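> curious how this folds, go ahead:
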Amino acid sequence: MNRVKIINLHLILAAVLLPAILMFAITGGFYTWGVKGGYDSQSYKLPLANPLGADLGSLVQFAQAELDKQNQAYPTGGAKLKSNEHTHILEWTGSNLDISLSTDKGSSLATLQVKQTSPYRQLVQLHKAKGGTVFKIYAALVAIGLLVILFSGVLMGVTLTKYRQTTVLALLAGTGLWVLAVVMS
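Below is the predicted model of the structure:
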């Protein structure tokens, strides 16, 4: 591939992917320091005709029925079940909505907590792969695009005599900083 095509590919990908890369960089950087965004939460006590089952499928089905009654969408991420001797807790997260459904074994009452994400929390949830399939595919394509941008930039640097030494030294320094950070963590 000639240099002009590499430069064009590098520039176009950088411009197209800049919004997504900024989102991932900002949410990841702030998340590292505990800034995760917030929720608007509501809690509902739900009477049960019969105790809920202890399996993931029946708890998800019950939660879906309750969300349908409230005209709520379902969370876009995965659901998981946490159980101990006394309690079953369904945790189901997504980019816009998180829910928690809990009940004690043999109880005639369940608690449903519905948490709507703030706009910033929604971006954090997308960063954490809690979005739907479309965003997950988009994120994978962004990752591939970012690699192309990085490799094409380094490729241009090492193939241009004027920038070769700077590129190699910067690459060595970056690798050294990464190794140092990993070892010290």
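
> what count of nearby residues applies to Asn84?
8 (other CB atoms under 10 Å). Quick note: C-beta positions are derived from backbone N, CA and C, even for glycine.

> and the pLDDT for it?
Predicted confidence (pLDDT) for Asn84: 84.

> look up phi and psi at it.
The phi and psi values for Asn84, taken as degrees, to the nearest 10, are phi -140, psi -160.

> which parts of the biggest helix by length in the chain are buried?
For the chain, the helix with the greatest residue count under DSSP state H is helix 3-32. Within helix 3-32, the residues scored as buried using 16 or more other CB atoms under 10 Å are Ile6, His10, Leu13, Ala14, Leu17, Ala20, Ile21, Met23, Phe24, Thr27.

> any chance of TSV for the residues you listed, columns pLDDT and distance to Leu67?
Formatted as TSV, those follow (pLDDT from 0 to 100; distance: CB to CB, whole Å):
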residue	pLDDT	distance to Leu67
Ile6	89	50
His10	92	45
Leu13	95	39
Ala14	96	41
Leu17	97	34
Ala20	97	29
Ile21	97	34
Met23	98	27
Phe24	97	29
Thr27	98	26
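
> among these, which one sits closest to Leu46?
Distance to Leu46 across the buried residues of helix 3-32 (CB to CB) is lowest for Thr27, with 33.5 Å.

> tell me who's in contact with that closest one.
Thr27 sits next to Tyr120, Leu123, Val124, Leu126, His127 when contact means CB atoms under 8 Å, 6 or more residues apart in numbering.

> the closest residue in space to Val168 that isn't next to it in sequence: neighbouring residues, count only.
Using CB to CB, 6 or more residues apart in numbering and skipping residues adjacent in sequence, the residue nearest Val168 is Val158, 6.7 Å away. By other CB under 10 Å, 15 other residues sit near Val158.

> which residues sit in contact with the closest residue to Glu85 other than its chain neighbours?
Using CB to CB, 6+ apart and skipping residues adjacent in sequence, the residue nearest Glu85 is Lys105, 7.7 Å away. Contact analysis of Lys105 by CB under 8 Å, 6+ apart lists Pro51, Ala54, Glu85, His86, Thr87, His88.

> top of those residues by number of neighbours, please.
Most neighbours among the contacts of Lys105, by other CB under 10 Å: His88, with 23 neighbours.

> just to revisit the earlier point, quick one, phi/psi of the residue nearest to Glu85?
phi -60, psi 130.

> assumed Ser100 was part of a strand.
Yes: secondary structure assignment (DSSP: H, G, I helix; E, B strand; the rest coil) places Ser100 inside a strand.

> wait, it touches Thr93, no?
No: between Ser100 and Thr93 there is no contact under CB atoms under 8 Å: 9.3 Å.

> thought Val16 was touching Gly145?
Yes: counting by CB under 8 Å, Val16 touches Gly145, with 7.4 Å between them.
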